[in-house]
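**Q** sequence and predicted structure, then a few things I'm wondering about:
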Amino acid sequence: MVNEMSAVANALFTINNTWMLIAAFLVFIMHLGFASLEAGLTQAKNTVNILFKNVSIVAIGILTYAICGFNLMYPGNFNGYFGFAGFGINAPDGAAGLIEYADGAYTYFTDFIFQAMFAATAATIVSGAVAERIKLNSFLVFSTFYVALIYPIAGSWKWGYGWLDQIGFHDFAGSTLVHSVGGWAALVGAYTLGPRLGKYGKNGRMKPILGHNMPLAAIGVFLLWFGWYGFNGGSVLSADPGALSLVFVTTTLAAAAGVIGAMLTSWGISNKPDLSMILNGSLAGLVGITAGADVISPMNSVVIGFIAGVLVVISVIQFDKLKIDDPVGAISVHLVCGIWGTLAVGIFSAEHSIGIQVLGVLSYGTFCFISANIIFRIVKLLMGLRVSEEEEILGLDMGEHDMESYAGFQIFSIE
Amino acid sequence: MKLIIAVIQPEELPYIKEELLRREIYKFTITNAKGQGKEIPVQEVYRGISHEITLLKKVRLEIAVNDEYVDAVIEAITIVAKKDGDKGRGKIFILPIEECIRIRTGETGSKAIG
């Protein structure tokens, strides 16, 4: 009898752990999504630079998470605000690092690799908002500090069982912890850098800077949507059939509703519907449902996703008017819809208080806004933030890398 | 020998090509070009911001012919453009050719063109 029980427990453990590892590599593929989307929505002359940032940020995010991030985010017993369990990662010996680590849900190493993929995601969000004008080395330094320190410290408040977790704040897979944390830094970065050259004419008239590859942008969004099944599905933290299937349904419905919300809004505003806006719309729906994918009913997830899709289009246009130049709409998708998704948990789920959700949003906002400002200012002071005017016109591919993205093709002309 | 350079609307190219072939003019070169004329600028919208495109896509057609074919070329191009009266139908330039050499055989003059 005892042997039979442990055989069942072992089989379940294997299934749970396998799902968590699948979720981890689904989140990994989101980085290809981010890279493609950002490259597609920016100019051809900056593509090498954008891909370079997106590849290096994954490496930086994962390595810093191994060095200090994981133990800052999950320090064990701590004061609820800041704790650190030491450098490096070390699995507890024997069963304590395996079946007993999370009551048969996953191993210590699975926990680490899944969380490490999340950390890298938060850092990547910033890249799109500062694209086409930030110096490569300054971006890498900023990202390293932000993802090594700010992301895990902020994360410990909720997922590390810190003070916000104690008072009942709910953020299932990171509308706030991942997307808004990245979104705040994106806002500070875009604002500190100023708009790209040529975006605002002498008379203050806005001129769009066209993305050079819509097929690439669409591929990126499909990859992000695909990866989101790991992002939200993995956040169930086991292969529990009921919980996991609900999360898949709410995630999918919100993404679909986000597309429709953005489509109707964009069609209403511009006469003709904008592809890049419905691409943002699906991501908006996904970010919006991420905080409550486990507690929101399927029909309410449609409402949340739809509102996120409307919000993202209005937000993109408003940020343009405020002269905060965000080439890919990262601030609108990740910050605005991250806030919306977090608040929506308080609105649509009876078990959660809107007041505590607001407190969570404000706490993360204050902490991330201030720390991103401090890091960006120090980096600006020590190494400068923006490339020269000449380099910006010529393109960062040549300026930062001495390399072209489309050597041999004549695909653009300077106007 | 004359070199005829015509800047035309891209959508007219297939019809002009047809008219040229009908008049037994088989040799020509086309290039994608951008140009600005008197036509109304195109309005495009990108992520909620509308903007005017004044440098529009054109096709540049180059045809080298013997003198007796010049009128046929002009006719082939204008017969298509006349079908609608909008501005921006482009222009035709006619230049004298000093010499023409067929690279493979070294033939020159009218023989090389034809």
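**A** Arrived safely.
**Q** close enough to count as contact, residue A:158 and residue A:171?
**A** Yes: here residue A:158 reaches residue A:171: they are 5.7 Å apart, a contact under Cβ atoms under 8 Å. For glycine as for every other residue, the C-beta is placed from the backbone atoms N, C-alpha and C.
**Q** quick check: neighbours shared by the two?
**A** Overlap between the neighbourhoods of residue A:158 and residue A:171 consists of A:177, A:360, taking contacts as Cβ atoms under 8 Å, 6 or more residues apart in numbering or on different chains.
**Q** which of the two has more neighbours?
**A** Relative neighbour count places residue A:171 above the other of residue A:158 and residue A:171, with 29 against 22, counting by other Cβ atoms under 10 Å in any protein chain shown.
**Q** how about that one, what does it touch?
**A** A:158, A:177, A:291, A:342, A:345, A:360.
**Q** again, only this time at 6 Å
**A** Contacts for residue A:171 were tallied using Cβ atoms under 6 Å, 6 or more residues apart in numbering or on different chains; they are A:158, A:177, A:291.
**Q** okay, stretch A:324-338 in CSV with CA atoms only?
**A** Taking C-alpha atoms only, stretch A:324-338 is exported to CSV below (Å, rounded to 0.1, in the frame of the first residue of the first chain):
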residue,chain,number,x,y,z
ILE,A,324,7.2,60.0,-24.8
ASP,A,325,8.5,58.1,-27.8
ASP,A,326,8.0,54.4,-27.5
PRO,A,327,8.7,52.7,-30.9
VAL,A,328,7.0,49.4,-30.0
GLY,A,329,4.3,50.5,-27.5
ALA,A,330,6.0,48.7,-24.6
ILE,A,331,4.9,51.2,-22.0
SER,A,332,1.3,50.9,-23.2
VAL,A,333,1.3,47.1,-23.3
HIS,A,334,3.3,46.3,-20.2
LEU,A,335,2.8,49.2,-17.9
VAL,A,336,-0.7,50.5,-18.7
CYS,A,337,-2.2,47.0,-19.2
GLY,A,338,-0.2,45.6,-16.3
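**Q** just checking, residue A:373 touches residue A:185?
**A** No: look at residue A:373 against residue A:185 with Cβ atoms under 6 Å: they stay out of range, at 9.4 Å.
**Q** residues from chain A in reach of chain B?
**A** A:206, A:207, A:208, A:210, A:270, A:276, A:316, A:317 (Cβ under 6 Å from any Cβ of the partner chain).
**Q** partner strands of the helix or strand hosting residue B:59, parallel or antiparallel?
**A** Here residue B:59 is covered by strand B:56-65, with elements defined by DSSP states H and E. Strand B:56-65 has its sheet partners listed here by DSSP bridges as strand B:2-8 (antiparallel), strand B:29-35 (antiparallel).
**Q** check which element follows it along the chain.
**A** Scanning forward in sequence from strand B:56-65 by DSSP H and E, the next helix or strand is helix B:70-81.
**Q** what residues of that following helix count as buried?
**A** If you call a residue buried by 16 or more other Cβ atoms under 10 Å in any protein chain shown, then helix B:70-81 has these buried ones: B:70, B:72, B:73, B:76, B:77, B:80, B:81.
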